[in-house]
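In: All I have is the shape, not the residue letters:
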Ligand code: SF4
């Protein structure tokens, strides 16, 4: 039987609505959700293909390393996890998450760590430092008189790019800027600035354009990280323009609101300090495998097989977004709830439930 159910696209941080088509408990496609205010029925290719995430490389059973990884019962996997957590001191335990988990998972992880007395916790911020100011909304983008775009938003975040095109059609002046090794897609801007270095680029920006009070201006910052990101923020923060930093993952902004943001060096430091690492939704083996060498015991909670899963001592199979209820906060700071549409495959479980069960077995009250 075919079922069509509304959810939020997990494939980038814009937070578009999408309808999933489910046939006999299997996701087989997507269908535009016409009334969603962010994307008004349009989805990009990544969004239209988002149903495929539910079917690829799924973890279906708890696994324990016994030579190789072997399928075990939930009881065995949780008991091993509990005994390892109990046999390590608080400062020897680290917990890291990705920007793809739900807000409810971050809240539960935060409580779990606090109740256990674990301070080495955070999410992989992909080098975007935490910020705390009101960002431009998508309507602000569309209603701007002037937009400066740093990075290729039409390629990476097409439904944000669509708002820029609508602004242009309404008469807005658009300046695009990017590094020479990157190519800009599709936005017919009034001016293109090639970025050799961020400081030279900022020296060349005509601040007058951004400070003219009768203009509503927006600066979209995409594809920058670390110091470059901070310098651009600092430069524009005292201007008249509204700022919109574009996050990489669907709930990086939610993670930033709840957990400490860890940049690459901070992640490395955390991995050096701890002996037991609990990874939720992330894949540190794919970007800092060397740093994982010091870890004596590795626990991964995830819904699909990645490099970190293959190195783990315990694997706890979690759920993909459409198999659970929760919320994501998009790049403009809007939190959107979504409901469970289908069941997780075989023995995989809801992620908050896994954490609550662990806490209960540890004797912790969250
Ligand atoms: S722009 Fe982003 S959120 Fe929207 S459909 Fe495309 S991938 Fe999904």
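Out: Yes, it's here. What you are looking at is a predicted structure, and each value in this text was computed from that prediction instead of being measured.

In: Next secondary structure after the least confident helix or strand in the chain by mean pLDDT?
Out: Ranked by mean pLDDT, DSSP states H and E, the helix or strand of the chain with the weakest confidence is helix 207-211, at a mean of 70. Past helix 207-211, further along toward the C-terminus, the next helix or strand under DSSP states H and E is strand 217-221.

In: wait, does that next one make contact with the ligand?
Out: No: counting by C-beta under 6 Å from any ligand atom, the ligand has no neighbours in strand 217-221; the shortest distance is 13.5 Å. Where you see a C-beta, it was placed from the backbone N, CA and C, and this is true even at glycine.

In: Off-centre distance for that strand?
Out: 21 Å (C-alpha atoms, centre = their mean, to the nearest Å).

In: Can you name the residues of the stretch 151-300 of the chain that neighbour the ligand?
Out: 157-159.

In: Counting neighbours, what do you get for the residue in the chain that the ligand sits nearest to?
Out: Nearest residue of the chain to the ligand: residue 47, at 2.3 Å (C-beta to the nearest ligand atom). Residue 47 has 23 neighbouring residues, counting by other C-beta atoms under 10 Å.

In: Let me know the helix or strand that it is in.
Out: Applying DSSP H and E, one finds residue 47 within helix 45-48.

In: Which helix or strand lies directly C-terminal to that helix?
Out: Following helix 45-48 toward the C-terminus (DSSP H and E): strand 63-66.

In: got a list of contacts for the following helix or strand past that next one?
Out: Counting by DSSP H and E, the next helix or strand C-terminal to strand 63-66 is strand 68-71. Strand 68-71 is contacted from outside by 61-64, 310, 312, 315, using C-beta atoms under 8 Å, 6 or more residues apart in numbering.

In: I'd like the residues you listed as a markdown table, with pLDDT appended.
Out: Below are those laid out as a markdown table (pLDDT from 0 to 100):
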| residue | pLDDT |
| --- | --- |
| 61 | 98 |
| 62 | 98 |
| 63 | 98 |
| 64 | 98 |
| 310 | 97 |
| 312 | 98 |
| 315 | 98 |
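
In: Filter these down to the buried ones.
Out: When burial is judged by neighbour count using 16 or more other C-beta atoms under 10 Å, the buried members of these are 61-64, 312, 315.

In: Output those as JSON lines; include the columns distance to residue 239.
Out: Formatted as JSON lines, the buried ones among the contacts of strand 68-71 follow (distance: C-beta to C-beta, whole Å):
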{"residue": "61", "distance to residue 239": "54"}
{"residue": "62", "distance to residue 239": "52"}
{"residue": "63", "distance to residue 239": "52"}
{"residue": "64", "distance to residue 239": "55"}
{"residue": "312", "distance to residue 239": "47"}
{"residue": "315", "distance to residue 239": "48"}
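
In: Going by distance to residue 250, which of those wins?
Out: residue 315 (22.7 Å; C-beta to C-beta).

In: Just confirm that closest one is within a strand.
Out: Yes: the assignment for residue 315 is a strand, going by DSSP: H, G, I helix; E, B strand; the rest coil.

In: now residue 357: how far from residue 169?
Out: Residue 357 is 52 Å from residue 169, where distance means C-beta to C-beta, to the nearest Å.

In: so where's the chain uncertain?
Out: 182-186, 208-209 (pLDDT under 70).

In: And the helices in it?
Out: In the chain, the helices defined using DSSP state H lie at 45-48, 74-86, 103-116, 138-142, 153-156, 158-169, 198-204, 207-211, 226-237, 252-258, 264-273, 285-288, 307-311, 351-362.

In: about what we covered before: can the residues of the stretch 151-300 of the chain next to the ligand go into a markdown table with extra columns for neighbour count?
Out: Below are those laid out as a markdown table (neighbours: other C-beta atoms under 10 Å):
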| residue | neighbour count |
| --- | --- |
| 157 | 26 |
| 158 | 22 |
| 159 | 23 |
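
In: quick one, which of residue 357 and residue 169 is more surrounded?
Out: residue 357 (16 against 9).

In: and the buried ones among the contacts of strand 68-71, which two are the farthest apart?
Out: Longest span within these, C-beta to C-beta: 61 and 312, 13.5 Å.

In: residues in contact with the spatially closest residue to residue 32 that is not a sequence neighbour?
Out: Of all residues not flanking residue 32 in the chain, residue 41 sits nearest, at 4.2 Å (C-beta to C-beta, 6 or more residues apart in numbering). With contact set as C-beta under 8 Å, 6+ apart, residue 41 has these partners: 32-35.
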